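Enquirer: fold the stuff below for me.
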Amino acid sequence: MSTKTQGRKTNYRWIICAMLFFATTVNYLDRQVLSLTFEDFIRPEFHWTDSDYGNITGIFSLFYAIAMLFAGRFVDWLDTKKGYMWSIGIWSFGACIHAVCGIVTESIVGADNLALVANAELVARIALISSTFFIIARCVLALGEAGNFPAAIKATAEYFPKRDRAFATSIFNAGSTIGALIAPFCIPPLAAKWGWEMAFIIIGALGFVWMGFWQFIYKKPEQNPAVNEAELAYILSDDAPAEVKEESPAVAEEKKVSLWQSFKYRQTWAFIVGKFMTDGVWWFFLFWMPSYLKTTYGLASTDIKFQLALGVLYLIVMISIAGGYLPTLFVDKKKMEPYSGRMLAMLIFAFFPLVALAAQPLAHASMWWPVVLIGIAGAAHQAWSANLFSTIGDMFPKRMIATITGIGGMAGGIGSFLIQKSAGALFDYSDKVGMVLFGFEGKEAGYMIMFSFCAVAYLIGWVVMKLLVPKYRPIEL
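Expert: From the prediction side, this is the model:
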């Protein structure tokens, strides 16, 4: 008996899951540097308005959306290992080059201390030039980050059977929460001590460290000497016997589905709707909650109360890990097939964001009310998202998984673009005209509108998904 077949089932798949978790953590740390340096460091230096910030985050979302359309195809073409390496390398480079935006702006404008400029015309020029260069840097970041979830979902499908994919996805997807949780405690102090530029460089460099580990750790399970036959059999337990699955290269080639052909399936559109309606909600909370704490409570990003508020918010979001296990209970205990169990779990999670309706009404009672309620809504989003990603593995063959993930990511990015642009314009407008809504005035009225949309988006998304794919219907090529 070979060494590979001896002993109990190995658990190498969880090492892969841990790598996906760390990559997603780095992904969200890189994404958060701007939002956590915006109010106290970048806005004063470059004279940005909320619309400027909304434009930058919105265009990032739009470029991310476009890149996601092709990122999945790119990962399917290069395969998981190389695709992930390219992805994190590009986004780490993009994160680091944010640091030169200020230097370039100063050289073009011809002023050393941009924050002290008072001339209105020059102030507008500084805001335009600096935001343009930040947009370029954000687009490079978006280009790389677009590959994270297609590669991670593909790796999960390669290393986990269907019954465990939502749980594994919820674990690596928790990296987004951990990244957001760690960020307020490390990024503002870095910016305060060494400047906001070094915050981008230091956080961005973490991705290059991850690449070194990935190069040596990742291999296909059937080619990995650390995976014994018992674990391999478990990983492949959803597949038909090898003799049935064997296909000649010619047959496999005939069964390939082009990017545009993927849009003919109702299952694709169900995933698109789920992502379009809900991804922007998470990104709104991610990008605007730091600004909300500054606007509503006057908290600086270096204030320990500010850091604790965001820390508590994302600590609450961490309970979403259990959300990935709920469909497993439905499958094991209720004997439901995976897709039905997942959709039932997603319906349950879709009700929890409704608590965000009370966030603004309770904001003046205590800062902790919106923090806790948005945290609950964020936890529901992450649990929803983990199960939504797993529906791809339920319905599509493995060769299509990264492509469909990319298409859905594109839809999510477009939804986020619309929310970011709308939020920036709404906050500037509501502040300028003194908008009054339900007793709230100015920006607070704007936040009431945004929180209300975020609260109902998941139920709308679930209903449309259910109408498109009412029952489990896997794609057969």
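
Enquirer: surely residue 462 forms part of a helix?
Expert: Yes. Under DSSP: H, G, I helix; E, B strand; the rest coil, residue 462 sits within a helix.

Enquirer: that one contacts residue 346, correct?
Expert: Yes. Using CB atoms under 8 Å, residue 462 makes contact with residue 346 at a distance of 5.8 Å. Placement of C-beta: from N, CA and C, glycine included.

Enquirer: and those two? which has more neighbours close in?
Expert: Higher neighbour count among residue 462 and residue 346: residue 346, with 29 against 23, using other CB atoms under 10 Å.

Enquirer: can you tell me the helix or strand for that one?
Expert: helix 338-351 (DSSP states H and E).

Enquirer: give the buried residues for that helix.
Expert: The neighbour-count check on helix 338-351 (16 or more other CB atoms under 10 Å) flags 338-347, 349-350 as buried.

Enquirer: residues in contact with residue 289?
Expert: 35, 310, 313, 374 (CB atoms under 8 Å, 6 or more residues apart in numbering).

Enquirer: from the chain's centroid, how far away is the helix holding residue 346?
Expert: Computed by CA atoms, centre = their mean, to the nearest Å, the separation of helix 338-351 from the middle of its chain amounts to 20 Å.

Enquirer: may I have that helix as CSV, with CA atoms only?
Expert: Written as CSV, here are the backbone C-alpha positions of helix 338-351 (Å, rounded to 0.1, in the frame of the first residue of the first chain):
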residue,chain,number,x,y,z
PRO,A,338,-28.5,21.3,-1.8
TYR,A,339,-30.1,24.0,-4.0
SER,A,340,-33.4,23.9,-2.1
GLY,A,341,-31.6,24.0,1.2
ARG,A,342,-29.5,26.9,0.1
MET,A,343,-32.5,28.9,-1.2
LEU,A,344,-34.4,28.3,2.1
ALA,A,345,-31.3,29.5,4.0
MET,A,346,-31.1,32.6,1.8
LEU,A,347,-34.7,33.5,2.4
ILE,A,348,-34.1,33.4,6.1
PHE,A,349,-31.0,35.6,5.8
ALA,A,350,-32.9,38.0,3.5
PHE,A,351,-35.2,39.1,6.4
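
Enquirer: give me the next element, helix or strand, following that helix.
Expert: Downstream of helix 338-351 (by DSSP H and E), the next one is helix 368-395.

Enquirer: list the contacts of the residue most central in space within the chain.
Expert: By CA atoms, centre = their mean, the chain has its centre lying nearest to residue 176, at 6.5 Å. Contact analysis of residue 176 by CB under 8 Å, 6+ apart lists 24-25, 27-28, 382.

Enquirer: and these as TSV, adding secondary structure and distance to residue 399?
Expert: Output for those, formatted as TSV (DSSP: H, G, I helix; E, B strand; the rest coil; distance: CB to CB, whole Å):
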residue	secondary structure	distance to residue 399
24	helix	23
25	helix	28
27	helix	25
28	helix	28
382	helix	27
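
Enquirer: neighbour-wise, which one of the residues you listed leads?
Expert: residue 27 (28 neighbours).

Enquirer: pLDDT score assigned to that residue?
Expert: pLDDT, the model's per-residue confidence, is 93 for residue 27.

Enquirer: re the thing from before, next, the residue nearest to the centre of the chain: secondary structure please.
Expert: Note that with three-state DSSP, the state of residue 176 is helix.

Enquirer: what of residue 118?
Expert: coil.

Enquirer: rewinding a little: so which of the contacts of residue 176 is the closest to residue 224?
Expert: residue 24 (21.6 Å; CB to CB).

Enquirer: what's the longest helix in the chain?
Expert: The longest helix of the chain (DSSP state H) is helix 398-433.

Enquirer: buried stuff in it?
Expert: Applying 16+ other CB under 10 Å to helix 398-433 flags 400-417, 419-428, 430-431 as buried.

Enquirer: phi first, then psi, for residue 436.
Expert: Phi and psi for residue 436, reported as degrees, to the nearest 10, are phi -120, psi 130.

Enquirer: could you pull out the strands for the protein?
Expert: For the chain, applying DSSP state E gives strands covering 436-437, 440-441.

Enquirer: off-centre distance for stretch 274-292?
Expert: 9 Å.

Enquirer: only the buried residues of that stretch, if you could.
Expert: 274-292.

Enquirer: one more: stretch 98-105?
Expert: Result for stretch 98-105 [16+ other CB under 10 Å]: buried residues 98-99, 101-102, 105.

Enquirer: list of residues touching it?
Expert: 33-34, 45-46, 114, 126, 129-130, 133-134, 137-138, 141, 197-198, 200-201, 204.

Enquirer: buried subset of these?
Expert: 33-34, 45-46, 114, 126, 129-130, 133-134, 137-138, 141, 197, 200-201, 204.

Enquirer: and the closest residue to residue 183 other than its chain neighbours, how many neighbours?
Expert: What sits nearest to residue 183 in space, not counting adjacent residues and going by CB to CB, 6 or more residues apart in numbering, is residue 32, at 4.0 Å. If you count neighbours by other CB under 10 Å, residue 32 ends up with 24.

Enquirer: does residue 32 touch residue 180 like I think?
Expert: Yes. Using CB under 8 Å, residue 32 is in contact with residue 180, at 6.0 Å.

Enquirer: overlap of the contact sets of those two?
Expert: Contact criterion CB under 8 Å, 6+ apart; residues shared by residue 32 and residue 180: residue 286.

Enquirer: okay, now the unreliable bits of this protein?
Expert: 1-7, 239-256, 323-325, 332, 477 (pLDDT under 70).

Enquirer: let's see that with 50 instead.
Expert: 1-5, 240-254 (pLDDT under 50).

Enquirer: ok so, going back, which residues touch the residue nearest to residue 183?
Expert: 179-180, 183, 187, 286.

Enquirer: separation between residue 8 and residue 258?
Expert: 43 Å (CB to CB, to the nearest Å).

Enquirer: alright, that wraps it up for me.
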